[in-house]
Structure formats: C-alpha cells, structure tokens
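[1] Structure for this input, please:
(one chain, ligands or ions: 3)
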Amino acid sequence: MSRFADQSLPRRSFLRGHFLNTLQSDQVKQQGHNAIRPPWADLTQFTEKCTACGKCQEACESRIIVRGAGGFPEIQFSQGECTFCQKCVDVCPEPVFRSTTETPWTHKVEIQQNCLLKQRIECRSCGDSCESRAIRFRPKLGGIVELVLTLESCNGCGACLSVCPTQAIHILKVNEEE
Ligand code: SF4
Ligand code: SF4
Ligand code: SF4
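    Ligands and ions are numbered 1, 2, ... in the order given. This is a model prediction of the structure:
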C-alpha cells in the first residue's frame, strides 16, 4: 500500500504539473488578451510577432513597460504615464508596431464609485495631472465639486491613475482585439 502510495505520488505530481501547465497556458492567453500593450502596438498578432526581447522595456524612460505573462511587454500605469515619446516603437526590431501617425491606442479611463468626491471629500488630483483636460470639475450645489470626464479628450496616457489616492481610476478597453 505504502509502495503504491510512493509510486503514485510522482505520477500525481506529474499530472498536477501538467494540469497546472495547461491552466497556465490558458492564463497566458487570458492575460495576453487583457494586457495593455505599448502604444501603437499591432494587437492583431502581437504575441506572434513580438519576441519578448525586452528592448522596449529598457527604452521606456517612464518605466511603465513591464514583462508580463509569457515575457511579453505590458503597460502598468502604477509608476507613471505614457509620454508618447515613441522610443518603444523606434527601438523594436520586429514588425510589432503600427504607424505612429495612427492613434496610439483606444483605451480610456473610467472613474469608480470609490472616488473621494463621492464621499464628499474634496480632491482634484486626477484633474491636476490631466494635460488633455479630459477631467474637469464643476461646482455643485452644496459645496463639493463634481467630476466631469470627457472621454473624447482622454488619450489614455494614464497620468491620472497613479495620483489617485483611492485607486478609483481604471482603464476601460474599447474596441481592442488580439
Ligand atoms: S511611448 Fe515612450 S513613455 Fe510611452 S510606453 Fe513607449 S517608451 Fe514608454
Ligand atoms: S488617461 Fe490621461 S488624458 Fe485620460 S483622463 Fe487620465 S490623465 Fe487625462
Ligand atoms: S484623484 Fe481619484 S479620488 Fe481624487 S477626484 Fe480623481 S478619481 Fe476622485
């Protein structure tokens, strides 16, 4: 019995490992789909064309490109914003990027219910950091201001995300496919 148990353990571990690997590939697929790729990335065949060489990550002075699932580059706005400097595009040796005359990406931001203004606490950090003036505030009866987000003006730079004290700003992906 104990011999059987001894022999079955590695097999169970093997099967479990295989199962986890399968899950992991699904996760890579899933995260690949959900990830925000660098600006101007051609999302139609991104993971086929990108070799995960890391050159774009090294070139980004804002340090917002990180190695994501499968080693592929992903954007994380927790450290800063995209300045649209195009250095990631220029350094890439593969046909991964579209023309920089096109729109860099289509995502926008959305404001969640945990915005401090919902609790009647005055805060304008996101608007102060938004150069596109996509976030503005208008006076409201009762004293506290109201946040007005103009999605048409949002270029998805992410400057507002890291400055929000309650992480109330999320990325809203619009019409992106991979
Ligand atoms: S355009 Fe510039 S700031 Fe934006 S991700 Fe590329 S290298 Fe970073
Ligand atoms: S992502 Fe950039 S442009 Fe859009 S609201 Fe935030 S700071 Fe403004
Ligand atoms: S920075 Fe955050 S908490 Fe402050 S107004 Fe903007 S969304 Fe609300």
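
[2] CA atoms for contacts and neighbours, from now on please.
    Noted.

[3] Need the residue closest to the centroid of this structure.
    For the chain, the residue sitting closest to the mean C-alpha position, by C-alpha atoms, centre = their mean, is I36 at 3.8 Å.

[4] Against I65, how distant is that one?
    Computed as C-alpha to C-alpha, to the nearest Å, the I36 to I65 distance reads 10 Å.

[5] what sits in contact with each of those two?
    E74, I75, Q76 (C-alpha atoms under 8 Å, 6 or more residues apart in numbering).

[6] restrict those residues to those near ligand 1?
    Restricting these to those adjacent to ligand 1 (criterion: C-alpha under 6 Å from any ligand atom) removes every one of them.

[7] Helix or strand with the lowest mean pLDDT in this protein?
    Counting by mean pLDDT, DSSP states H and E, the weakest-scoring helix or strand in the chain turns out to be helix 2-34, with a mean of 41.

[8] I figured S162 hits F77, correct?
    Yes. With contact defined as C-alpha atoms under 8 Å, S162 and F77 form a contacting pair (6.5 Å).

[9] Go through the helix or strand hosting E110 and flag the buried ones.
    Taking DSSP states H and E as the definition, one finds E110 inside strand 108-111. Of the residues in strand 108-111, those buried by neighbour count under the rule 16 or more other C-alpha atoms under 10 Å are K108, V109, I111.

[10] counting contacts, what elements does that strand pack onto?
    Under the contact criterion of 3 or more C-alpha pairs under 8 Å, 6 or more residues apart in numbering; DSSP states H and E, the helices and strands touching strand 108-111 comprise strand 169-172.

[11] Quickly run through the sheet partners of the strand it packs on, with directions.
    strand 108-111 (antiparallel) (DSSP bridges).
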